[in-house]
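Enquirer: Dropping the sequence and predicted coords here.
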Amino acid sequence: MVPFRLLLMIGGVLLVGSGVAHAATPEKDSEALAARIDRHLTAAWEVNKVQPAPPASDAEFLRRVYLDLAGRIPAVAEVRAFLDDTRSDKRRRLVEHLLEGPRYVTHFTNVWRALLLPESTNNVQTSFLAPGFESWLHGKLQQNAPYDAMVRELLTLPMDGPSRNAFGPANGTPTPIAFYLAKEVKPENVAAAVSRLFLGVKIECAQCHDHKFADWKREQFWSFAAFFAGLQRQGNGDFVNVGREVANRRELTIPGTEHKVQAVFLDGTQPNWKNNTNPRATLAEWMTRKDNPYFARAAVNRIWGYFFGSGIIDPVDEIAGGEHEASHPELLDELARQFAEHNFDLKYLIRAITASCAYQLSSLATHTSQDDPRLFARMPLRGLSAEQLFDSIAQATGYREEMNTNQRGFFGNTSARSRFITRFANASDRPTEVQTSILQALSMMNGQITAASTDLEHSETLTALLDAPFMDTAERVQTISLAVLSRKPTPRELSSLVGYVEKGGSAGDTSADKDKNYHRALADVFWVLLNSGEFFLNH
Amino acid sequence: MSRSSLSLSRREWLTLSAAGVVGYSMSGWLEHLAAAAAKSPERKRACVLLWMSGGPSQMDTFDLKPGHANGGPYKEIATSAPGIKISEHLPKLATHTKDMVLVRSMNTKEADHGRATYFLRTGRVPGGPIQYPPLGSFVSKELERPDAELPGFVSIAPFRFLNSAAFSPGFLGPRYAPLIVGENGNGRPQAAGGDVAQALRVQDIDLPGDVNAKRSEARLQMLDEMEQEFLAQRSSVAAESHRTAYRRAVTMMRSSAVKAFNLEEEPAKLRDAYGRSLFGQGCLLARRLIERGVPFVEVTLDGWDTHQQNFEQVKRLSSTLDPAWATLMNDLKDRGLLDTTLIVWMGEFGRTPRLNGNTGRDHWANGWSTVLCGGGIKGGQVVGRTSADGTTIEDRKVEVADLLGTVCLALGLDPRKQNQTDIGRPIRLVEPTAKPITEVVA
């Protein structure tokens, strides 16, 4: 059975690696891990005769790391400052700056909410509860709570506290209760999500029958679900609430059978019930142990997938069961071990990944040997989340609404941001295969936000440009390029765009409307860059 | 393949806008085309889904129980199908019943709006990591023409509020997302009373006021140039899809087919016959889209959640439904399109046979009705039977997969056909457990 094999394998690595001493500072420490990432990847490149893509330029790196860590593109001033900075460690400094900034917390609140509570964008009840869930996440990220502690808190959430009446006066207070409610407080739904999200094991296919492709058996699924057997629902229909948990219940009957199963860990080991502890707490304790065969691996694989577009094992939620192989098994083990050793510190992991040469490769294809995405020899193009896209448009154009709140959600919210996010929501969990719809394209081309952004009366950025008398056309075009694409235009682009603007754009250089045509042509440049694939994607 | 297709289509656009000068004579040309297409064996089939959001009462529409305490005050009337009776408030549809199949034995278990909406529209119970595409997405993927100017799936006035995933293309991706019109931007249909024709136009299809065609063309040409360098060395699914969406959007903006959304082109008398409601005009729009080759159009009629004053509400809804649906069938028939256009009438569930304390009916998933008619259907039949009090199914339980499987067959599709998912596992159009109602498929 594969999980067992896996356990042996990881166990072995753990024994070998457990003597490693920690380096002096956290930053040095993550740099050491970055170096090891590169060693593993380089070894595979050599074996496969890969010529990796060239290193990303400063501008390319800057835009990427802003989108990945802050959830938006950088401001013009931030681009200029970074490009002009001559210090050799400026990339590392930038990462530190972003990790300590408020946008890191806001952005990763979105990232984790989309992951843990995907229902919040398409289910009335969950969207109603999303604010409480988000403030809980926000608090955890603000404190940089260790990942294991965060998951433990979610798993052991008391079902009799004030959060139980989630629709009452407590609505909106920080609590992860929405996670349970979105899963209808059903043991099998909660178990399936917990297993997939935190253990990287997609076992729910085994809910009704033994898994067709992987090694999971139906009995295993229900034995795992039995840890949540005490969960109780109140009410039915559209608004379900949690009921008081049946303490210490850890037995379930497989539906449609008479067969009762007891709670058993996924790897087949029996919990020790001596102290008669709460089954959920027992499960949480097992899951978040440093030597758990799945937990740290699933986490680092998922984080890796976030930064590289695909996991070391891909899909990221099928890391065990034998169906999918790791591209770099030793790297995955090493990352998992170091993550656990470093107290499940997410920022440590992020520092290491973003400092690696692999993360800092260009997205430019220079050789066909880079085409296999599993060798990570070039940064793939990745789609933006709706929030990343909206906040980037707002950043580029000075569109104001963004600053109000971090309001989000499908329901009861008709702000331009919320409508935009509804339209640009993307169900695909494969960022490298994100698709664009016709309505999205129409919205970007002709929609209210783009129109306001490229309109002289409404666009802050444009107005500022035109009010700057010391700038010539080339400088104005360059500033637009910095604002939208976070880079300077190439000489060819610059001459073509400047030519267009100076001849008055499509209207031509008629003397009567000279100024107006000039302004409009500049707005056209803005429009063109905002509608480019280069703006729309992370690269 | 040329990457500069945005500007390549400029010539096309000039030709088209030249044709637009004589735009009014085009309707005659289109009728010819439609008539020819209808006769051609190559003509692919199309589907109109009349989606009854909230769950329509079977007891007061297509499966009446007059004389029983559960029945209520409505009378049954005879129809053009011998022996089949329906509600007195659907008199126009009664003349079309010979072309309809009434399925009276839907057995669907889910009685929560959100879950049932997802279930009926995708054929799968919600939950789990796979987002399944709804009927409109997977049918249009099979039936759309690659060179089509309009998207293959148009959703008119949807009520997405209850479960927006049931209106999202799921693992098929935004390429198969519905083009939505008639929505207020918050997952609900446009409020009544406004300019219905305006509400049914495509959002953002028109250039902003200060951008004329020439300026737009200049922008697109510049965009095209800008993109080339970036894309040349970064080929990927995401970039290609972005490119394609723009190409399709621009094609649609410039197409004559987008005139389908100009309902003002239709004679006032015909518009009146459909009814001037959002739903009525939506059905008219559906015909105009089907005529132009759109393979899947759905029109939502919302308000069937009749927990209170069921009879008043259903009567009002029937007065909207009856003329719209009946005129749609007439209109399609007149144009030779009914034989190739399947019409499906359904909601997420039915309503309790027993009345509640507010003369209302509650959610009911055990023995309720759906209707199939038009192309691919042998009309004038009833499938299944409920008991005299309406509470149990006495004959031929029809599950969701059975119904969707039947829809596939009527459209000439194999329900067992597989799609690749984004998690790399093949998924059939309809669950393989489906037992389609083959006796009603023509």
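Expert: Arrived safely.

Enquirer: Contacts only, for B:Asn366.
Expert: Residues near B:Asn366 by CB atoms under 8 Å, 6 or more residues apart in numbering or on different chains: B:107-109, B:391-393. In short, each C-beta sits where N, CA and C put it, glycine included.

Enquirer: is it possible to export those to CSV including pLDDT?
Expert: Output for the contacts of B:Asn366, formatted as CSV (pLDDT from 0 to 100):
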residue, pLDDT
B:Asn107, 97
B:Thr108, 95
B:Lys109, 91
B:Thr391, 95
B:Thr392, 96
B:Ile393, 97
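
Enquirer: residues touching whichever residue of the stretch 251-400 of chain B sits closest to chain A, list them.
Expert: In the stretch 251-400 of chain B, no residue comes nearer to chain A than B:Met252, which is 6.6 Å away by CB to the nearest CB. Shown in contact with B:Met252 (CB under 8 Å, 6+ apart): A:438, B:149-151, B:202, B:205, B:258.

Enquirer: Counting neighbours, which of these comes out on top?
Expert: A:Ile438 (27 neighbours; other CB atoms under 10 Å in any protein chain shown).

Enquirer: Tell me, how many residues neighbour the residue nearest to that residue when sequence neighbours are not counted?
Expert: Distances taken as CB to CB, 6 or more residues apart in numbering or on different chains place B:Ala249 nearest to A:Ile438, at 4.8 Å, with adjacent residues excluded. By the criterion of other CB under 10 Å, B:Ala249 has 25 neighbours.

Enquirer: I'd say B:Ala249 and A:Gly447 touch.
Expert: No - counting by CB atoms under 8 Å, B:Ala249 stays clear of A:Gly447, with 11.2 Å between them.

Enquirer: Quickly note the distance from the spatially closest residue to A:Gly243 that is not a sequence neighbour to B:Ser168.
Expert: Counting by CB to CB, 6+ apart, A:Gly243 lies nearest to A:Gln232, which is 3.3 Å off, once chain neighbours are set aside. A:Gln232 is 32 Å from B:Ser168, where distance means CB to CB, to the nearest Å.

Enquirer: Please apply the same query to A:Ala77.
Expert: According to CB to CB, A:Ala77 stands 38 Å off from B:Ser168.

Enquirer: of these two, who's got more company?
Expert: Taking neighbours as other CB under 10 Å, A:Ala77 and B:Ser168 compare with B:Ser168 leading, 26 against 9.

Enquirer: tell me the phi and psi of the residue of the stretch 251-400 of chain B closest to chain A?
Expert: phi -70, psi -40 (degrees, to the nearest 10).

Enquirer: Just the pLDDT for it.
Expert: For B:Met252, the pLDDT comes out at 91.

Enquirer: cool, B:Ser241 as well?
Expert: You'll see B:Ser241 listed with a pLDDT of 82.

Enquirer: Work out for me the element it sits within.
Expert: Under the criterion DSSP states H and E, the helix or strand holding B:Ser241 is helix B:237-254.

Enquirer: Pull out the buried residues from that helix.
Expert: Under the neighbour-count criterion of 16 or more other CB atoms under 10 Å in any protein chain shown, helix B:237-254 has B:237-254 buried.

Enquirer: same deal with stretch A:64-77?
Expert: Within stretch A:64-77, the residues scored as buried using 16+ other CB under 10 Å are A:64-76.

Enquirer: That one vs chain B: in contact?
Expert: No - using CB under 8 Å from any CB of the partner chain, stretch A:64-77 never reaches chain B; the gap is at least 13.2 Å.

Enquirer: end-to-end on that stretch?
Expert: One end of stretch A:64-77 to the other measures 16 Å (CA to CA, to the nearest Å).

Enquirer: what about that stretch, average pLDDT?
Expert: Stretch A:64-77 shows an average pLDDT of 97 in the prediction.

Enquirer: Touching that stretch from outside, list them.
Expert: Stretch A:64-77 is contacted by residues A:56, A:62-63, A:78, A:82, A:91, A:94-95, A:98-99, A:101, A:103-104, A:106-107, A:110-111, A:306-307, A:350, A:354, A:379, A:384-385, A:387-388, A:391-392, A:394-396, A:461, A:479, A:482-484, A:486, A:538-539 when judged by CB under 8 Å, 6+ apart.

Enquirer: Tell me the gap between the helix or strand following the helix holding B:Ser241 and the middle of its chain.
Expert: As assigned by DSSP H and E, the chain's next helix or strand after helix B:237-254 is helix B:268-274. Centre-to-centre, helix B:268-274 and its host chain are 20 Å apart (CA atoms, centre = their mean, to the nearest Å).

Enquirer: Relative to the whole chain's centre, how far out is the helix or strand following helix B:268-274?
Expert: Sequence-wise, the next helix or strand downstream of helix B:268-274 (DSSP H and E) is helix B:278-291. Mean-position distance between helix B:278-291 and its chain equals 10 Å (CA atoms, centre = their mean).

Enquirer: tell me which strands and helices helix B:278-291 is in contact with?
Expert: Contact partners of helix B:278-291 among helices and strands, from 3 or more CB pairs under 8 Å, 6 or more residues apart in numbering or on different chains; DSSP states H and E: strand B:46-53, strand B:153-156, helix B:196-199, helix B:268-274, strand B:296-302, helix B:310-334.

Enquirer: among these, which is nearest A:Thr86?
Expert: Proximity to A:Thr86 (CB to CB) singles out strand B:153-156 among the helices and strands packed on helix B:278-291, at 54.0 Å.

Enquirer: ok, that closest one near chain A or not?
Expert: No - judged by CB under 8 Å from any CB, strand B:153-156 and chain A are separated, with a smallest distance of 10.4 Å.

Enquirer: Using PDB, write out the CA atom coordinates for that strand.
Expert: Extracted C-alpha coordinates of strand B:153-156, given in PDB (Å, rounded to 0.1, in the frame of the first residue of the first chain):
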ATOM      1  CA  PHE B 153     -24.100  29.700 -24.800                       C
ATOM      2  CA  VAL B 154     -26.300  32.700 -24.000                       C
ATOM      3  CA  SER B 155     -28.000  33.000 -20.600                       C
ATOM      4  CA  ILE B 156     -30.900  35.500 -20.500                       C
END
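
Enquirer: And chain A, is the helix or strand just after that strand touching that?
Expert: Heading C-terminal from strand B:153-156, the first helix or strand you meet, by DSSP H and E, is strand B:179-181. Yes - Strand B:179-181 reaches chain A (CB under 8 Å from any CB) through B:179-180.

Enquirer: go on, stretch B:300-319?
Expert: No - applying CB under 8 Å from any CB, one finds stretch B:300-319 out of contact with chain A, separated by at least 10.9 Å.

Enquirer: pLDDT on the longest helix along chain A, on average?
Expert: In chain A, taking DSSP state H as the definition, the longest helix is helix A:26-47. For helix A:26-47, mean pLDDT is 92.

Enquirer: That helix packs against which elements?
Expert: Partner elements for helix A:26-47 (3+ CB pairs under 8 Å, 6+ apart): helix A:90-100, helix A:329-341, helix A:346-355.

Enquirer: partners of whatever helix or strand comes next after the last one in the sheet?
Expert: Heading C-terminal from helix A:346-355, the first helix or strand you meet, by DSSP H and E, is strand A:382-383. Applying DSSP bridges, strand A:382-383 is found paired with strand A:537-538 (antiparallel).
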